[in-house]
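# Give me coordinates for this.
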Amino acid sequence: MVDPAVHLLRVSVGDAYRNRGELAAARRVFKRAVDDATPRLPADNLSLLRARVRAADFNLITSLDSVADLGKIIERLRPMGREGAG
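Now for the predicted structure:
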């Protein structure tokens, strides 16, 4: 099982890198957060979905797969209403 605290820390570190303009580091950290959590958390886990959205940031996208993935994420978040938008 993925430790939720570690997952959230990775996402926070990725945000910090992105905010500092260190896009390669942000991409790497978000990818690790998503890769580690995906097989261990339900596909509709809000924390995982948020990490996937951040990993698909247009500044960080390195492939069209990320764009397609973002569409799928949005469809999962939409029924969550306000909680999914946070």
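
# Spatially central, which residue of this protein would that be?
Averaging the C-alpha coordinates of the chain gives a centre point, and the residue nearest to it by C-alpha atoms, centre = their mean is A51 (1.7 Å).

# Hmm, that one is touching A33, no?
Yes: taking contacts as C-beta atoms under 8 Å, A51 lies within contact range of A33: 4.6 Å. Heads up, the C-betas are built off the backbone N, CA and C, glycines and all.

# I74 versus L9, what's the distance?
Distance from L9 to I74, counting by C-beta to C-beta, to the nearest Å: 25 Å.

# Could you pull out the strands in this protein for me?
In the chain, no strands are defined using DSSP state E.

# Run through the helices of it in chain order.
For the chain, applying DSSP state H gives helices covering 4-19, 23-37, 46-55, 64-77, 82-85.

# where among those helices is the average confidence lowest?
Here the helices of the chain differ in mean pLDDT, and the lowest is helix 82-85 at a mean of 68.

# contacting residues for the residue nearest to the centre of the chain?
A51 sits next to H7, R10, V11, G14, F30, A33, V34, A37 when contact means C-beta atoms under 8 Å, 6 or more residues apart in numbering.

# could you redo the last one with a cut-off of 10 Å?
When contacts are counted by C-beta atoms under 10 Å, 6 or more residues apart in numbering, A51 is found next to 7-8, 10-11, 14, 29-38, 41, 45, 73.

# P39 contacts V2, doesn't it?
Yes: between P39 and V2 there is a contact under C-beta atoms under 10 Å: 8.7 Å.

# The two - which one has more neighbours?
For P39 and V2, the more surrounded residue by other C-beta atoms under 10 Å is V2, and the numbers stand at 17 against 7.

# and that one, what is it in contact with?
By C-beta under 10 Å, 6+ apart, the contact set of V2 is R10, A33, D36, A37, T38, P39, R40, L41, N45, S47, L48.

# Among the helices of the chain, show me which one is buried the most.
Ranked by average neighbour count under the criterion mean count of other C-beta atoms under 10 Å, the helices of the chain are headed by helix 46-55 at a mean of 20.

# okay, the angle between that helix and helix 64-77?
140 degrees (axes from the mean of the first three to the mean of the last three C-alpha atoms, to 10 degrees).

# With that, I have no additional questions.
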